[in-house]
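# this is a predicted model, with the sequence first.
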Amino acid sequence: MTATKARLPAAVMRAEEAMTAEQRRRATRAVASLSADAQECAMLLEMLGLDASEGRAQRQQ
């Protein structure tokens, strides 16, 4: 657990844990589409606790 997460209120941590993979994918893609550039996107994703790899579309089998 990072130092930042240790300071978050319990309710915020529960909400973060409750996000589904689909919600995280959609949030990541929304941030990417609205960011001015790659640096801003990376900063915003980090602030939200998201990773760019979560925005990749899942392969259909």
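Nice, I can see it. Residues are numbered from 1 along each chain as shown.

# output the lowest mean pLDDT helix or strand found in this structure.
When the helices and strands of the chain are scored by mean pLDDT, DSSP states H and E, helix 3-7 comes last with a mean of 60.

# what is the top helix by length along the chain packed up against?
In the chain, with assignment by DSSP state H, the single longest helix is helix 21-34. Packing partners of helix 21-34 (3 or more CB pairs under 8 Å, 6 or more residues apart in numbering; DSSP states H and E): helix 38-48. Yep, even glycine has a C-beta here, placed from its N, CA and C like the rest.

# what residues sit buried inside stretch 21-31?
In terms of neighbour count (16 or more other CB atoms under 10 Å), stretch 21-31 has its buried residues at Arg24, Arg25, Ala27, Thr28, Val31.

# for this structure, which spans come out with low pLDDT?
1-8, 11-18, 59-61 (pLDDT under 70).

# go with 50
Counting by pLDDT under 50, the chain shows low-confidence ranges at 1.
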